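Engineer: I would like to see how this sequence folds:
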Amino acid sequence: MAIVKTVNGFTPIMGKNCYLADNATVVGQVTMGDNCSIWFNAVVRGDVHSIEIGDNTNIQDGAIIHCTYKTANTVIGNNVSIAHNAIVHGCTVHDNVLIGMGAIVMDHAVVHSGSIVAAGAVVLQGTEVESNSIYAGMPAKRVKEVGEELKGIFERTAGNYVMYKEWFKEV
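Structural biologist: Numbers count the residues shown, from 1 in each chain. Have a look, this model is predicted:
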C-alpha cells in the first residue's frame, strides 16, 4: 500500500479516481487533481512547501517531486507527464507538458504549455522554457519547436496513463 503521510498538520488531498502504486510516497502539503497517477517508487514530498498537481497528470516510476523550504513551491498543471526518474523541484510546469526520463527541472524554472523537456535535460534555476518548444542538454537549451508530428503527444501520453492506472486497480 502506498505511503500517504501527514506532515506538519498537512495531509495530502487527492482528487477523484487517482491511483497510487503500492510503493509510491505522497506526504504533506500535496493537492492532486482528478485522474492522477503516482507510479512505483515515485515520491511527492510536500513537507517543506506546497505541491499542486492538476488533472490527468502522471508521475512515473522513480520520479521525485519536491520543493524548497519557504521559497519555492511546485505547481504542475493538467495533462502533464513526468517520466521515469525525473526530478521536478520548486518550479512551475504548465498544462500539456512532457518532462522526459531522467530530466531535472530546478527551482523557480517555468515550463510553459506545449513543451517537452528532453530525457536527461537539466533545466537550471530560473529558466523559462518557451511554449511549444523542445529543450535538451545540460544546461537545457531550446533545440526546436514542437512540430506537428508531436502535437498530440501530451494528451495521448496523459490519456494512456489514465488508462494504465485502471489496469492496477484492486478487483
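
Engineer: Show me what the residue most central in space within the chain bridges to in the sheet.
Structural biologist: In the chain, the residue lying closest to the centroid (Cα atoms, centre = their mean) is residue 82, at 4.2 Å. Beta-bridge partners for residue 82, by DSSP bridges, are residue 59, residue 99.

Engineer: shouldn't it be in contact with residue 60?
Structural biologist: Yes - in this structure residue 82 lies within contact range of residue 60 using Cβ atoms under 8 Å: 6.2 Å. Every residue, glycine included, has its C-beta placed from N, CA and C.

Engineer: Is it correct that residue 155 falls within a helix?
Structural biologist: Yes - assigned with DSSP: H, G, I helix; E, B strand; the rest coil, residue 155 falls within a helix.

Engineer: list the buried ones in stretch 38-50?
Structural biologist: Using 16 or more other Cβ atoms under 10 Å as the burial criterion, the residues of stretch 38-50 that qualify are 38, 39, 41, 42, 43, 44, 45, 46, 47, 48, 49.

Engineer: any idea how far the residue nearest to the centre of the chain lies from residue 147?
Structural biologist: 22 Å (Cβ to Cβ, to the nearest Å).

Engineer: Next: residue 59.
Structural biologist: In terms of Cβ to Cβ, residue 59 sits 26 Å off from residue 147.

Engineer: before we move on, what about residue 21?
Structural biologist: Distance, residue 21 to residue 147, using Cβ to Cβ: 33 Å.

Engineer: between the two, which one's more packed in?
Structural biologist: residue 21 (19 against 9; other Cβ atoms under 10 Å).

Engineer: just checking, that one touches residue 169?
Structural biologist: No - with contact defined as Cβ under 8 Å, residue 21 does not reach residue 169; the gap is 11.4 Å.

Engineer: Mind listing the shared neighbours of these two?
Structural biologist: Common contact partners of residue 21 and residue 169 (Cβ atoms under 8 Å, 6 or more residues apart in numbering): none.
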